[in-house]
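Novice: What follows is a predicted structure for the sequence shown.
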Amino acid sequence: MSKRIVFSSLIGAVALCGAAAGGLALASPPTEPTLEHGSARYTAPSGDSAGSFTYTVDVSDDSGIRGLKVVVWPASSKLDPTEAELRSVESATCRSTSDETSRCTYTPKITKREAADLDKGTWYVSALATAKDGGTAFAPRATTFDVTG
């Protein structure tokens, strides 16, 4: 076999491998969103103030963020929500900070009476992020915070 034929065959093989690798990259599944820098803040009611709760997190995905579902629950309840259950709960408000990242904030309304009836102790935040390409990330205990008297 001549050197010219071997060389041509090698170039063809390299080209085929490159095309196959490119096809694999295009067919890869969507990446999952990531949740970073999450924090929860609870302020107990006092005087005329009803109290407040805020959960803030940065959510990123290479396709952008469609939304974030959030549920807040006391550890004493043993609730432990699932990803499927989070699909039908309240949404956080998300604002884009770049093409790939959004800052999402969840601030439910809490009346004075509701705040007075909250279980004292440790609480959890569960979150379900959904990317624009359909990828999801479920954080069953995204963060914790304490409710005090």
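Specialist: Everything's here; your move. Numbering: from 1, shown residues only.

Novice: List the contacts of the closest residue to G64 other than its chain neighbours.
Specialist: Leaving aside its sequence neighbours, G64 sits nearest to K132 (CB to CB, 6 or more residues apart in numbering; 4.3 Å). Bear in mind the C-beta positions are built from the backbone N, C-alpha and C, glycine included. With contact taken as CB atoms under 8 Å, 6 or more residues apart in numbering, K132 is in contact with D61, S63, G64, I65, R66.

Novice: cutoff 10 Å now
Specialist: P30, P33, D61, D62, S63, G64, I65, R66, G67, E100 (CB atoms under 10 Å, 6 or more residues apart in numbering).

Novice: Could you do S77 as well?
Specialist: D119, W123, Y124.

Novice: R103 and S96 touch, don't they?
Specialist: Yes - using CB atoms under 10 Å, R103 makes contact with S96 at a distance of 8.3 Å.

Novice: any common contacting residues for these two?
Specialist: With CB under 10 Å, 6+ apart as the test, R103 and S96 both reach I65.

Novice: the more surrounded of these two?
Specialist: Neighbours were counted for R103 and for S96 using other CB atoms under 10 Å; R103 has more, 16 against 11.

Novice: what helix or strand is the more buried one on?
Specialist: Taking DSSP states H and E as the definition, R103 sits inside strand 101-106.

Novice: Could you tell me which other helices and strands that strand packs against?
Specialist: Judged by 3 or more CB pairs under 10 Å, 6 or more residues apart in numbering; DSSP states H and E, strand 101-106 is in contact with strand 34-43, strand 52-60, strand 65-74, strand 93-96, strand 121-131.

Novice: Make JSON lines out of these and add mean pLDDT and distance to T143.
Specialist: Shown next, in JSON lines, are the helices and strands packed on strand 101-106 (pLDDT from 0 to 100; distance: least, CB to CB, whole Å):
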{"stretch": "strand 34-43", "mean pLDDT": "96", "distance to T143": "5"}
{"stretch": "strand 52-60", "mean pLDDT": "96", "distance to T143": "7"}
{"stretch": "strand 65-74", "mean pLDDT": "97", "distance to T143": "10"}
{"stretch": "strand 93-96", "mean pLDDT": "98", "distance to T143": "17"}
{"stretch": "strand 121-131", "mean pLDDT": "97", "distance to T143": "5"}
